[in-house]
Each structure stands twice: as structure tokens, then as C-alpha cells.
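*Asks:* the amino acid sequence is not available; the structure is as follows:
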Ligand code: FEO
Ligand code: CA
Ligand code: CA
């Protein structure tokens, strides 16, 4: 594959090409399931009576509400799908850009030079690329945003390089600095949101920032490298996707596709099985090994074991060292949804975003104490993995030395293998998890999975259509909801149903039409970001197919919708510019403004958002508010 083409592919597509899963089709199993599934799915838009046990009547009500009755809690007029190179919000709302890739966080830094994409030095003082998950923190009346910079766009970051790849050591420095986390104070001045340059909170955390390794993997031999022979201090974080936030004032950033940065320039290199499970390949996407031996698998065979974690950061202490929380497991972390269970334990729900991988839960050993010292609650606890049964019940399987035959350190480093051992349910790419703040129920976006019922995951686990992953070759995705038994997030049992099965009822009349709460006006594909607002409404963001052809006809650009978990109603709130995804969200302290990430506009070269004209497209944070200044979430 030519590098130029590589830059026009999503990370996910590229990952699939560089490391296809085994081409084994379990014909008998798939065929059997297809037959039974036809019965289960029935015809038309009705999808699995069983799947909607807890919400079937509510979902019909939702359909009526979508038609526009005034009983709806969704207090806005739905926007229509479109393919415009701008942002569309409902009547009565407005939007503005807060900060974009390359904006200097400090007054001594140069403005972004879009003809080169800047330098290593300029990028280290500027907002990173491809912003994603975010959270807000307040101190002394100031609002501080912590936000992930997931990955980079070679066409713009390396605009002066023919193939959009780093060619010099400074290019590598720039590329690493465009990754990680940006911490920046934001404020409203003259009615407009913007960043506060030179705020004492402004800080960049990049692929080179030192951080402590904590938890079971700390010091383990698989964590030891020539730069860090004791396995205690990792350098950097990258591919930071979704996030979490703790009640003790810290930010959680989640390392997702950490694998794509390593290379091995030797035809005889033999990839270890454990690396194959995590999608390592000999051809990384960023050329970092050119000037940093850490990314050469031959020279530093343990370096990849130090990535794929959740990292805890104190954004209000600019001198603090981030902490890698290995107790939360190692996989392609999407986000980290933290809630305090009724018995005081901290529960963190975690998705592993890869086809056929799993959904996890961490339960802290110690309890949260309001006003107490909670800062290391994520250091010790137990990981569980979800097993869904077809009867709308499920269970959390503990990953312990007893259940897996692995040590605690091995479980925290080779988490996927531990989960395979206990027979977890292979999922349709678990993206964000969101817990309803007003009741004990949790939602996870299962974005899509073209391999469902087609081939196993990278560990050889079968992927039959079943439970909350009912569709073979699932192109549209769904959102699963579970309710912990006794409203206790530490319970080992739960009930589940599907909140929505996305689809296109304009094109299909089978299971691809989606569930009853999907119609031609609110349809979408590939739910990804999920976040609850204070009213218990679920904000849904998409990162999917925006081609507007075939099965995706009429679905427009990627978008944000709002769902009411009580009625099943879903309305489209926003449409993003061309070729972007909408991801990450947060509100200011007063909840009069909602912030979202618009990531990779023009990833295939067809956008000039947000600056217009012939400008290069830039990932940006957008602030949305009501024109009357009322609370919006
Ligand atoms: Fe970074 Fe799974 O999205
Ligand atoms: Ca995502
Ligand atoms: Ca994504």
C-alpha cells in the first residue's frame, strides 16, 4: 500500500489492512445462526422482540414522539441530514470555534504555518491535532479544559512532505508533540469562547512526557526497557481517544490504537503472539522509529507493553506527573466511564474498540470517601469482562489468577488473553460507555463490525451473531443498555436490551432498517461518542460512513443526536462538516455551553472547515449554546 493512500484511510481501516484477523469462517456456526436469526429478527423494522424486552412499549411511544408531539423531553427541532462543509445546529442555537489544531497556547509561540504544519518546537507549545474526548475542571472561577489529541493528519501536519510522513528528526518531534493531551484554560470574552494564552494551567502532555507506571504491571519484567530497566516510568501517551473524569478532580485519558506506532525493519523478525493479539505490525504508520529507538520492536521488544492503558492526570497541578493505571487493563481503550457504586466502590466501565473484542468493568478495592484521600483508588481493584446471554441477562466475569491462570501483572498487561480465557462475549467494537447520572443504567455504543459472523477476533474467539450483537456483517452499529442487578454497579449480574439498532429504513426492510425508534428523519450509522447530560438525556455522536450512497444514502455527514432513554426517542441535533467525525463532549460549569470535538474534517481532502476559502481543514473544539443563553444540558 502506498503511503499516500494510507493517509486517506481511517486508523481503523489501516489497522485492519496491516493486520487482518485470521480468515477462518465458521460456516456451520454462522449458517445456523443466520437461520435462527432470521426468525429472531423477523421482517421489517422489528428487531428481536427479545432484544427489547425492557423497552418495547417505550420504543413505540418514542416513535410517536419523533413525529413531534410536545411531550418530548428533546426541546429542539431536529436538524436534517446534510453533506455541507459546515456545522448545522437547531433553530435557536449557535456555534463557534474555540480552538483548533496548531493554535499557540503561549504568546511566545509562533502562529501556525499551514504551508509546513509548523515545527517540533512550535507544536510543543500549541494545541495538538485530532482532538477527541474532553473534560472540564474549575478552580478559582477559571475553567480548564483537558482534551485528548488522538492522532495526526499527515497531509496538514507534514504539509511540506510529499507523502505526509515524518522525514526528519524534527518531523518526528512535531508528530509526537501533536499527539497526547492538551490542557488549556478557556474563557468567554465579549460573548465569545476562546483559550487563555499563558494561563498557568496550559500544558501539553505528549508522546515524550514522563509518567509513573502504577498498579499490578509496575516493575514487571515485561515492562522493563533499556531506558527504564526497572519498568517504573513510561515515556508518553498517544492515540488518546475517549476519556473519563473522577470525582476527586482528575482526568482520565485512554490509549486506544497504540499499536500503530511501532516498526521492525527486518524481514526475519518474528512477531510474538501477544503482539499479534494487539495488532502490532512491522510497518508502523508514523516513522517514529526513525529517530527514537523505543519504536523499533527489534531494539526495544517490551516498549509496546507500556502502552494501551488509562492514564490519570491532575489538570489543576501543572507540575504533576501523570499516572498509568495498569489495574484498568491493557487494550485499545475507548473511554473510562467512572461511577461510584451504591456501596462506595469506584466502578469504571471500559470498552476495547476492536472488532470482536470485549467490554470491561473495573471495581476498586477500596471505597470512595467524600472529602477523603481518593487519589489512588484506581491503583488496586479487580477487572471483569462482560458475558451477555441471549435471554437479556448477563454477567461480569472476574479476571483473577484463579479464573485465568495468570498473575495479576500478566492480567493487566495481556488483558485480552485473560478475557478470552474466561469466555467473554465478542462485541461489535465497544466505543464509549456512558452511565446515567440519575439511575443505575449504562449504555455502550457498539459502532459496527463487518466481521460479525464472518471471522473470529484476533485471538480466535468466535463472533456468532447473538445477544447485543445480532446482525451479521453489522455496518450500522447499535447501542446496548444494561441495568445492574439491585441497582448495584458492583453486582455480578445485569439485565440488558438494545436502546437502538441503527440502520437505514429508506433503503432496507430487513434488520438493516434498524429498530423501531429509527426512521428516515433521524437515521444514522456508527454510534461512537456517548455522554449523559444532567437531565439523563443521552448525547450520541457518530464516526461512520458519510458517503451517502447505497446503504448510507440520506444519512449525511457525521453528526450528533440526542436520545431519551425513557421513551427511546432520538433526534438529530447537529451535523458536522465534510469528512469529520463528531466526538467527545463536555459542558461549562454553568451548563450553558456544550463543547464537542470536530475531528479530522476533510480526512479525504474535501473540506476547508473551519476557516473556509482554500484553507487547510483543522480539527477543532466547537462551543454550542442557545441564543437565549439558557442551560443546554
Ligand atoms: Fe478513537 Fe474507537 O475511537
Ligand atoms: Ca471513538
Ligand atoms: Ca473513532
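*Replies:* Here it is on my side, so go on. Everything numeric here is computed off the predicted structure, so don't read it as measured data. Residues are numbered from 1 along each chain as shown. Ligands and ions are numbered 1, 2, ... in the order given.

*Asks:* my read is that residue 511 contacts residue 471, right?
*Replies:* Yes - judged on CB atoms under 8 Å, residue 511 makes contact with residue 471 at a distance of 5.4 Å. Yep, even glycine has a C-beta here, placed from its N, CA and C like the rest.

*Asks:* and the residue of this protein nearest ligand 2?
*Replies:* residue 528 (4.2 Å; CB to the ion).

*Asks:* just checking: what are the partner strands of the one helix or strand that residue maps to?
*Replies:* Using DSSP states H and E, residue 528 maps to strand 527-532. Note on strand 527-532: by DSSP bridges, its sheet partners are strand 538-542 (antiparallel).

*Asks:* report the rounded mean pLDDT for the partner strand.
*Replies:* Averaging pLDDT along strand 538-542 yields 99.

*Asks:* re earlier: what is the burial count for the residue of the chain closest to ligand 2?
*Replies:* When neighbours are counted by other CB atoms under 10 Å, residue 528 registers 28.

*Asks:* state the distance from it to ligand 1.
*Replies:* 6 Å (CB to the nearest ligand atom, to the nearest Å).

*Asks:* now that residue, nearest residue through space, not along the chain?
*Replies:* Spatially, and ignoring its direct neighbours in sequence, residue 528 is nearest to residue 543 (4.0 Å; CB to CB, 6 or more residues apart in numbering).

*Asks:* what's the neighbour count on the one you found?
*Replies:* Counted with other CB under 10 Å, residue 543 comes out at 25.

*Asks:* list the contacts for it?
*Replies:* Taking CB atoms under 8 Å, 6 or more residues apart in numbering, we find residue 543 in contact with 431, 447, 526, 528, 529, 558, 581, 582, 583, 599.

*Asks:* out of those, what pair is the most spread apart?
*Replies:* 447 and 599 (14.3 Å; CB to CB).

*Asks:* tell me the contacts of residue 254?
*Replies:* Here residue 254 is in contact with 133, 148, 240-244, 310-311, 333-336, 350 (criterion: CB under 8 Å, 6+ apart).

*Asks:* equivalent analysis for residue 73, please.
*Replies:* 535, 537, 564, 566, 567, 569.

*Asks:* that older thread, is the residue of the chain closest to ligand 2 in contact with residue 445, as I believe?
*Replies:* Yes - taking contacts as CB under 8 Å, residue 528 lies within contact range of residue 445: 5.6 Å.

*Asks:* overlap of the contact sets of the two?
*Replies:* With CB under 8 Å, 6+ apart as the test, residue 528 and residue 445 both reach 431, 432.

*Asks:* residues near residue 284, how many?
*Replies:* Counted by other CB under 10 Å, the residues lying close to residue 284 total 20.

*Asks:* what distance do you get for the residue in the chain sticking out farthest from the centre to residue 298?
*Replies:* Within the chain, the residue lying farthest from the chain centre (CA atoms, centre = their mean) is residue 268, at 34.8 Å. For residue 268, the distance to residue 298 (CB to CB, to the nearest Å) stands at 10 Å.

*Asks:* again with residue 112
*Replies:* In terms of CB to CB, residue 112 sits 36 Å off from residue 298.

*Asks:* between these two, which has more neighbouring residues?
*Replies:* Neighbours were tallied for residue 112 and for residue 298 using other CB under 10 Å; the higher tally belongs to residue 112 (21 against 14).

*Asks:* return the set of buried residues in stretch 526-544.
*Replies:* Of all the residues in stretch 526-544, those buried under the rule 16 or more other CB atoms under 10 Å are 526-533, 537-544.

*Asks:* cool, stretch 128-143 as well?
*Replies:* 128, 129, 130, 131, 132, 133, 134, 135, 136, 137, 142, 143.

*Asks:* repeat for stretch 548-563
*Replies:* Buried residues in stretch 548-563 (16+ other CB under 10 Å): 551, 552, 554, 555, 556, 557, 558, 559, 560, 561, 562, 563.

*Asks:* what about stretch 321-330, how long is it end to end?
*Replies:* 20 Å (CA to CA, to the nearest Å).

*Asks:* so how far is that stretch from its chain's centroid?
*Replies:* On the basis of CA atoms, centre = their mean, to the nearest Å, stretch 321-330 sits 17 Å off its chain's mean C-alpha point.

*Asks:* got it, and stretch 307-315?
*Replies:* Per CA atoms, centre = their mean, the centroid offset for stretch 307-315 relative to its chain is 14 Å.

*Asks:* and if you look at stretch 235-251?
*Replies:* Counting by CA atoms, centre = their mean, stretch 235-251 comes out at 12 Å from the chain centroid.

*Asks:* kindly report the same for stretch 515-533.
*Replies:* Counting by CA atoms, centre = their mean, stretch 515-533 comes out at 16 Å from the chain centroid.

*Asks:* so where does residue 156 fall, helix or strand?
*Replies:* helix 154-157.

*Asks:* so residue 418 touches residue 411, yeah?
*Replies:* Yes - counting by CB under 8 Å, residue 418 does reach residue 411; the two are 4.5 Å apart.

*Asks:* give the residues shared as contacts by those two.
*Replies:* Common neighbours of residue 418 and residue 411 (CB under 8 Å, 6+ apart) are 383, 399, 404.
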